[in-house]
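J.: My questions concern the predicted model and sequence given below.
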Amino acid sequence: MISTDEYPRKPTWRQLFKMTEGRILLLGIASALAGLIVMGLIAFWSPQTSRIMGAMIFTDIAFGMIVSMSVGYANGFGHALVIPVVMWVETVLVLLFYPVFVFSLLKLVEFPRLKYFLDRTHAAAERNHDRVRRYGVPGLFLFVWFPFWMTGPVLGSAVGYLLGFSASLTLSVVLAGAYVTIVGWAYLLFDLYIRAAVFAPWAPILIIGLIILVILAVYLLDRHRKNHR
């Protein structure tokens with residue numbers, strides 16, 4: 001972990017953007033804007049495609065990549081659209097979250113509206129810190145790759161920082177793990193939705209609903225367990 005002594009005590013945003021994390025934040029903002037511009041251009045040729053992309057972005061942020069990919073496949077789209085969109089969303093989320101997490105942890109900038117989320121992520125990263133540290137870089141990659149609850153690229157980037165990895169190493173490992181995960185789920189889900197569509201027209205929608213219910217149930221059980229403690 002980087003010491004706060006390496007940063008100005010009360011940095012301005014201009015000073016922050018000169019730091020490694022600040023440049024990562026700018027890259028994340030630029031990537032997000034570029035993707036939105038592309039989605040806007042696609043809307044001129046295929047409004048339906050643009051709407052599905054928007055739905056995938058929303059569900060990825062709200063429920064995760066599996067639901068997002070399910071939305072794409074359930075609406076008849078293939079790997080050529082689903083994989084790049086989900087990779088883009090996950091990349092943007094990591095590029096935006098990582099610097100915000102570091103700035104917040106070092107108390108360089110306060111984000112009141114994100115405090116609850118950042119605190120929860122920090123606590124989750126601390127819980128997984130020792131388990132990942134035993135295996136170093138491969139451990140971080142597997143942490144992101146395994147489809148378990150409260151793992152994934154966003155939390156993985158926080159764990160990487162707490163392990164003391166450099167920003168470039170953390171982001172490289174986390175995004176590589178995320179991309180491998182996305183490709184693996186892509187082939188699994190695509191085959192599932194092809195079979196479901198043959199069975200009944202409403203089957204793909206039912207699968208999405210069931211996945212969301214499972215995610216919500218796991219979240220509520222996890223929250224109940226923590227409150228009980």
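T.: Sure thing, it's come through.

J.: now residue 118, nearest residue through space, not along the chain?
T.: Sequence neighbours aside, residue 104 is the residue nearest to residue 118 in space, at 5.0 Å (criterion: Cβ to Cβ, 6 or more residues apart in numbering). No exception for glycine: its C-beta is placed from N, CA and C like everyone else's.

J.: Now the helix or strand hosting that neighbour: buried residues?
T.: Assigned by DSSP states H and E, residue 104 belongs to helix 79-105. For helix 79-105, a neighbour-count test (16 or more other Cβ atoms under 10 Å) marks 81-83, 85-105 as buried.

J.: cool, and stretch 68-82?
T.: Buried residues in stretch 68-82, counting neighbours by 16+ other Cβ under 10 Å, are found at 68, 69, 70, 71, 72, 73, 74, 75, 77, 81, 82.

J.: Could you do stretch 21-32 as well?
T.: Buried residues in stretch 21-32, counted by 16+ other Cβ under 10 Å: 21, 22, 24, 25, 27, 28, 32.

J.: mind checking how far residue 95 is from residue 25?
T.: 7 Å (Cβ to Cβ, to the nearest Å).

J.: Can you pull the phi/psi pair for residue 77?
T.: Dihedral pair for residue 77: phi -90, psi 160, per degrees, to the nearest 10.

J.: Show the contacting residues for it.
T.: 49, 52 (Cβ atoms under 8 Å, 6 or more residues apart in numbering).

J.: Look up how far residue 78 lies from residue 192.
T.: From residue 192 across to residue 78, the span is 14 Å (Cβ to Cβ).

J.: and residue 134, what are its phi and psi?
T.: Note on residue 134: its backbone torsions stand at phi -60, psi -30 [degrees, to the nearest 10].

J.: Can you name every helix or strand that the host helix or strand of residue 60 contacts?
T.: Element membership of residue 60 [criterion: DSSP H and E] is helix 47-63. If you count contacts as 3 or more Cβ pairs under 8 Å, 6 or more residues apart in numbering; DSSP states H and E, helix 47-63 packs onto helix 20-45, helix 65-74, helix 79-105, helix 203-228.

J.: between those helices, which one is nearest to residue 196?
T.: Smallest distance to residue 196 across the helices and strands packed on helix 47-63 (Cβ to Cβ): 3.8 Å, for helix 203-228.

J.: What mean pLDDT does the closest one get?
T.: What helix 203-228 shows for mean pLDDT is 70.

J.: Give me the helix or strand of this protein that scores worst on average pLDDT.
T.: Averaged element by element with mean pLDDT, DSSP states H and E, the chain has its least confident helix or strand at helix 203-228 (a mean of 70).

J.: residue contacts, residue 153?
T.: Counting by Cβ under 8 Å, 6+ apart, residue 153 touches 90, 93, 94, 144, 174, 175, 177, 178.

J.: try it again with 6 Å
T.: Residues in contact with residue 153 (Cβ atoms under 6 Å, 6 or more residues apart in numbering) are 90, 94, 144, 174, 178.

J.: Figure out the helix or strand that the fourth one lives in.
T.: It refers to residue 174. Assigned by DSSP H and E, residue 174 belongs to helix 167-199.

J.: Residue 35 contacts residue 89, correct?
T.: No: using Cβ atoms under 6 Å, residue 35 is not in contact with residue 89, being 8.0 Å away.

J.: low pLDDT regions in this protein?
T.: Across the chain, the ranges flagged by pLDDT under 70 are 1-10, 147-151, 200-202, 204, 215, 218-220, 222-229.

J.: redo that, cut-off 50
T.: 2-3, 149 (pLDDT under 50).
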